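Visitor: quick check, what structure comes out for this input:
(one chain, ligands or ions: 2)
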Amino acid sequence: MTDTAQTAPTGVPEKWALGETFVPKARYTDRDFLQRELDKLFTQVWQIACRAEEIPDPGSFHEYRVGKQSIVVIRQRDGSIKAMHNACTHRGMKVVSGCGRAEDGELRCRFHGWRYKLDGRSTFVPSREEFAERPSSEWALRQVHVGEWGGWVFVSMAENPPELLDWLDPLVTSLAPFRLEDMRFRWRKRTTLPANWKTVIDAFIEGYHTPGTHPQTMRTAETPAPPAHPAKPQEYVYAPYTPTMTYPNHSRFVYTQRPDTGDKDAARQKAQARPEVFANAMQYNYKEVGSLVTERDYRAAQQLRTMEPGEVPPFLLYHQLCEELALAEGVKFPQMSMQEYFGGNGDWHIFPSVVILVEKSCVLGYRMLPDADDPDRCVFEMFSLEHFPEGEVPETQWQVFDRWQDHDGWGELPTQDLVNIADIQAGMHSEGFDGMWLNKAQEMSIHNAHVIADRFLFGDGS
Ligand code: FES
Ligand SMILES: [Fe+2]
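Guide: Residues are numbered from 1 along each chain as shown. Ligands and ions are numbered 1, 2, ... in the order given. Okay, the predicted model is just below:
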């Protein structure tokens, strides 16, 4: 575990103060706390607005809404991207809504018809001479800092944010071999959930819940479609060990074997050395997650299951097969050493609001955004990004569901996570619950996110 030893800012009210492994529930239930997050965290921190592919052409724009703030990110004629507060400098009306393309290379406020260039400069004000004189910069849409990494467009409303790539450390180095910027959406879904945005984030940045919530993932030795009845205590010896690594601005966890299982797990480890057992787990992910394993990787797993056990571990064989298939099918596949793979593979929390699980072929991602008023609601997005052969990127749109239950295509594993969410949030309101006590090895990603947040909420963010 990386020890970041961050010092907490002073002046955190008692009801919101973190312990060493304790997080008070009020941080998830108080309206005041949500307001502080919206006012002091989301107006300062670098955050993902959209994928660069969502604004492909000059004039393409995307409205990013968080709380009561609306930012427009817009592709310029030279291919660069600018971001601006989405508020007309006349009487404040939103200039754009949703996504689209600026007609005639200009943005037009439909209230009184003021016009702006793609970079926000004012180009037309009817009867301008009837207004008081102001410096020309004040007629322009107010700029927001913008940056790009990994194919995402980031924005920060802070006056002087840190350099984006510095802020993102160590993701930039660790994930460079995976070339996330060359990935494109396979699918993307959005809904709202009856829980605080952090309740949902927390369910995706630790692996300790895997045997409890996803018991079938420990049972792939016999079949790619294992049963999901609750695990008995003795089955927990098969649980993956998912240590969290915490960094100054982000965190990560990885799936490993428990260091302390000794030979209790020997029978299973022997089973895991059989190619078809590893193939089962990969095929399960393709069918019931719809990411982590692409359709092409699924075919590689089918080949793997016909192979005899040998010197080379199935895990390595699988990676070789995936790469060979991808290259044969025209994918500019990210080739890397196993050391580089292990340096970037796993589950990353891009603080504050995005989680990505990174594989060579694809990324499974989540974004959770706070509601503008209600600490018990949030926006939830789930998406898969993949490396496609050139010219074969599918057309995709955000599929939007009012309630997550309105869609039956989440897959078994994500459904298990979603089923929990409302009850986690409901339990937090219990008079019999004060806050969460975190596992020191496998849940400190949650604690770390609160420590980072406190720098913004009660300090100046640095
Ligand atoms: S509010 Fe935009 S033109 Fe008047
Ligand atoms: Fe889960």
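Visitor: CA only for contacts and neighbour counts going forward, please
Guide: OK.
Visitor: per-residue confidence for the residue in the stretch 151-300 of the chain that ligand 1 sits nearest to?
Guide: Distance from ligand 1 to each residue of the stretch 151-300 of the chain (Cα to the nearest ligand atom) is smallest for residue 157, at 21.2 Å. pLDDT for residue 157: 98.
Visitor: do I have it right that it meets residue 144?
Guide: Yes - with the criterion set as Cα atoms under 8 Å, residue 157 and residue 144 qualify as a contacting pair; they are 5.3 Å apart.
Visitor: with neighbour numbers in mind, choose between these two.
Guide: Looking at residue 157 and residue 144 with other Cα atoms under 10 Å, you find the greater number of neighbours at residue 157, namely 22 against 18.
Visitor: state the mean pLDDT of stretch 78-96.
Guide: For stretch 78-96, mean pLDDT rounds to 98.
Visitor: got the CA coordinates for it in PDB?
Guide: Backbone C-alpha positions of stretch 78-96 (Å, rounded to 0.1, in the frame of the first residue of the first chain) are rendered in PDB as follows:
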ATOM      1  CA  ASP A  78      -7.900  24.200 -35.600                       C
ATOM      2  CA  GLY A  79      -9.000  21.000 -33.800                       C
ATOM      3  CA  SER A  80      -8.300  22.300 -30.300                       C
ATOM      4  CA  ILE A  81     -10.900  22.400 -27.600                       C
ATOM      5  CA  LYS A  82     -12.200  25.300 -25.500                       C
ATOM      6  CA  ALA A  83     -14.500  25.300 -22.600                       C
ATOM      7  CA  MET A  84     -16.700  28.100 -21.300                       C
ATOM      8  CA  HIS A  85     -19.300  28.800 -18.800                       C
ATOM      9  CA  ASN A  86     -22.600  28.200 -20.500                       C
ATOM     10  CA  ALA A  87     -24.200  31.500 -19.600                       C
ATOM     11  CA  CYS A  88     -24.800  34.400 -22.000                       C
ATOM     12  CA  THR A  89     -23.100  37.500 -20.800                       C
ATOM     13  CA  HIS A  90     -26.200  39.500 -21.400                       C
ATOM     14  CA  ARG A  91     -28.800  38.100 -19.000                       C
ATOM     15  CA  GLY A  92     -27.300  34.800 -18.200                       C
ATOM     16  CA  MET A  93     -29.400  32.400 -20.300                       C
ATOM     17  CA  LYS A  94     -27.800  29.100 -21.200                       C
ATOM     18  CA  VAL A  95     -26.400  29.400 -24.700                       C
ATOM     19  CA  VAL A  96     -26.500  25.700 -25.500                       C
END
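Visitor: what does that stretch rub up against?
Guide: Around stretch 78-96, the neighbours that count as contacts under Cα atoms under 8 Å, 6 or more residues apart in numbering are 57-58, 63, 69-76, 107-111, 114, 119-120, 138-146, 155.
Visitor: switch to 7 Å and redo it
Guide: Judged by Cα atoms under 7 Å, 6 or more residues apart in numbering, the contacts made with stretch 78-96 from elsewhere in the structure are 58, 70-75, 108-109, 119, 139-146.
Visitor: buried subset of those as a ChimeraX selection?
Guide: Those of the contacts of stretch 78-96 that meet the burial criterion (16 or more other Cα atoms under 10 Å) are gathered into one ChimeraX selection, given here:
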select :58,70,71,72,73,74,75,108,109,119,139,140,141,142,143,144,145,146
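Visitor: in strands only, show me the contacts of stretch 78-96.
Guide: 70-75, 108, 143-146 (DSSP state E).
Visitor: give me the residue from the stretch 351-462 of the chain nearest ligand 1.
Guide: Scanning the stretch 351-462 of the chain for the residue nearest ligand 1 gives residue 372, at 22.6 Å (criterion: Cα to the nearest ligand atom).
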